[in-house]
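Trainee: Any chance you can model this:
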Amino acid sequence: MIPERIAVPASKHIGIAAVSAEGAALCYRTICTEGASILGRHGHPQVSMHTFPLGEYMRFIEADDWLEAGGLLMQSATNLVDAGAEILICPDNTLHRGLDLVRDRSPVPWLHIAEEVAALAAAWNFRRLGILGTRYLMEGPVYPTKLAAKGIEHVIPEPPDREAINAIIFDELVYGCFEDRSRTYVLGCTEIPLLVSESDSPLPALDSTRILARAALREATRDLAS
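Mentor: Predicted structure coming up:
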């Protein structure tokens, strides 16, 4: 016997186009745990997730083919929309360089991680942000363009530090490996909040993964307040 469909609150269905498992898991957990504050005990919007293997993305990233990388995100978007998603997010900072090339082709709205971070930074009157993440992110246009639109400057580490941070991310964090020696080195990209909390940082830290998850919750439940 097939049970009747369970009625759920009229929040919007969130689709997560995951890239790295650890970053996507953090985003998913944030949506589910913090959703209860809006939708009641054990409540959160419907969530679907899809990803291609990280290695498929890396093949295009290492070839500097961001259009094809964005194409993979759009294939995930199609699968998620078919599953009922009404809002899309990608909890991977680096891949937003590809998303920026294909976002206008999406059948449903995407929330952009750098736009959400820039909006919060502006609301908190930050004037300069240090960008940490993969070398592709630190050296790329994703954050500079979004921060500049809000009048916010940015800085990145020197080349040797960028390489070291990049290695920590790809050799440790994407595999869920958290080494104490790495805690003294990095904070800021999709997986880095798994390693270092805001209390470990000498400066205020903007956790992009949780910021994006909270933005998705905000948009998914916006109509419930009316």
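Trainee: Look through the chain and tell me its longest helix.
Mentor: Across the chain, the longest stretch assigned as helix under DSSP state H is helix 21-39.
Trainee: Buried residues of it, list them for me.
Mentor: For helix 21-39, a neighbour-count test (16 or more other C-beta atoms under 10 Å) marks 22-28, 30-32, 35, 38-39 as buried. C-beta here means a position set from N, CA and C on the backbone, and glycine is covered the same way.
Trainee: just stretch 51-68 next, same as before
Mentor: 51, 54, 57, 60-61, 66, 68.
Trainee: For P144, state which of those is nearest.
Mentor: Among these, W66 lies closest to P144 (C-beta to C-beta), at 15.2 Å.
Trainee: Give me the pLDDT for that closest one.
Mentor: W66 carries a pLDDT value of 98.
Trainee: Ok, Q46 next?
Mentor: Q46 is assigned a predicted lDDT (pLDDT) of 95.
Trainee: burial of it, as a residue count?
Mentor: Residues contacting Q46 under the criterion other C-beta atoms under 10 Å number 16.
Trainee: Roughly how far does it sit from G84?
Mentor: In this view, Q46 and G84 are 7 Å apart by C-beta to C-beta, to the nearest Å.
Trainee: Residues that sit against both of the two, list them.
Mentor: H13 (C-beta atoms under 8 Å, 6 or more residues apart in numbering).
Trainee: ok so, going back, can you list the helices and strands that the helix or strand just after the longest helix of the chain packs against?
Mentor: As assigned by DSSP states H and E, the chain's next helix or strand after helix 21-39 is strand 47-50. Secondary-structure packing of strand 47-50 (3 or more C-beta pairs under 8 Å, 6 or more residues apart in numbering; DSSP states H and E): strand 14-17, helix 21-39, helix 66-82.
Trainee: Next, the buried residues of strand 47-50.
Mentor: 47-50.
Trainee: List the neighbouring strands of it plus their orientation.
Mentor: Strand 47-50 has its sheet partners listed here by DSSP bridges as strand 14-17 (parallel).
Trainee: Output the partner strand in CSV with nothing but the alpha carbons.
Mentor: What follows is strand 14-17 as a C-alpha-only set of coordinates in CSV (Å, rounded to 0.1, in the frame of the first residue of the first chain):
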residue,chain,number,x,y,z
ILE,A,14,15.7,24.1,-2.4
GLY,A,15,18.0,22.4,-4.9
ILE,A,16,21.7,22.0,-4.0
ALA,A,17,24.1,21.6,-6.9
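Trainee: ok, and what's touching that strand?
Mentor: So strand 14-17 is contacted by 24, 27-28, 31, 45-51, 73, 76-77, 80-81, 83, 85-91, 108, 216-217, 220 (C-beta under 8 Å, 6+ apart).
Trainee: ok, now stretch 131-149?
Mentor: Under C-beta under 8 Å, 6+ apart, the answer for stretch 131-149 is 61, 93-94, 96-97, 100, 112, 114-115, 117-118, 121, 129, 153-157, 162-163, 165-166, 169-170, 186-190, 192.
Trainee: Which ones among these map onto strands?
Mentor: 129, 153-155 (DSSP state E).
Trainee: Can you tell me which of these are buried?
Mentor: Among these, those buried by neighbour count (16+ other C-beta under 10 Å) are 129, 154.
Trainee: Using TSV, please lay out the ones in strands among the contacts of stretch 131-149 together with distance to C177.
Mentor: Shown next, in TSV, are the ones in strands among the contacts of stretch 131-149 (distance: C-beta to C-beta, whole Å):
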residue	distance to C177
L129	27
E153	33
H154	28
V155	28
